[in-house]
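A.B. asks: Sequence first, then the predicted structure, then my questions.
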Amino acid sequence: MPVLIPDSHKDLLENPIVVVLTTVSAEGKPHAVGIWRRWDGEFIRITSDPNNRKHKNILANPNVSVMALDPQNPYRFLEIGGVVERIETQGALDELNRHTQMYMGKPNYFGTIEPAENEATYAGIMFIIRPTRVVKYG
């Protein structure tokens, strides 16, 4: 049975709020990073570079935590425990462009955030996270 996001806190996933993704290394060391993400109503979708710490940690341990803190009220938050069900390469650029649209109001990551010519060497990945636990406050 899917974990439901409470209606009272859905805005924290639907609005362009930078969230904190926490992963754990094979050695048990936590790693937290602010990220863009998109909630599709079932999964949290995050794009990444395949050579960074969060990817290495997820390969070692697919259990993650996503924390969305209300920028207007720090005592209102949503913490989602989840598991990375899939890591995909296909569609990663499209998802990155969706994030850019959501957070920056621009249609494309390359040409807005990064130089357009860097798109030719883009080799991104996408984490598909299924929520397994939700804690809300405020």
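C.D. replies: Right, received. Where do you want to start? Numbering: from 1, shown residues only.

A.B. asks: can you pull out the strands in this structure?
C.D. replies: 19-24, 30-35, 38-39, 44-48, 63-69, 77-88, 125-137 (DSSP state E).

A.B. asks: quick one: low-confidence parts of the protein?
C.D. replies: In the predicted model of the chain, residues 1 satisfy pLDDT under 70.

A.B. asks: Who are the contact partners of the residue of it positioned farthest from its centre?
C.D. replies: In the chain, E117 marks the outermost C-alpha relative to the chain mean, sitting 25.1 Å out by C-alpha atoms, centre = their mean. Each residue near E117 by C-beta atoms under 8 Å, 6 or more residues apart in numbering is listed here: F110. Yep, even glycine has a C-beta here, placed from its N, CA and C like the rest.

A.B. asks: could I get the strands of the chain as CSV with mean neighbour count and distance to L96?
C.D. replies: Below are the strands of the chain laid out as CSV (neighbours: other C-beta atoms under 10 Å; distance: least, C-beta to C-beta, whole Å):
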stretch, mean neighbour count, distance to L96
strand 19-24, 20, 15
strand 30-35, 13, 12
strand 38-39, 20, 10
strand 44-48, 23, 4
strand 63-69, 20, 18
strand 77-88, 18, 12
strand 125-137, 17, 8
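
A.B. asks: Done for today, thanks.
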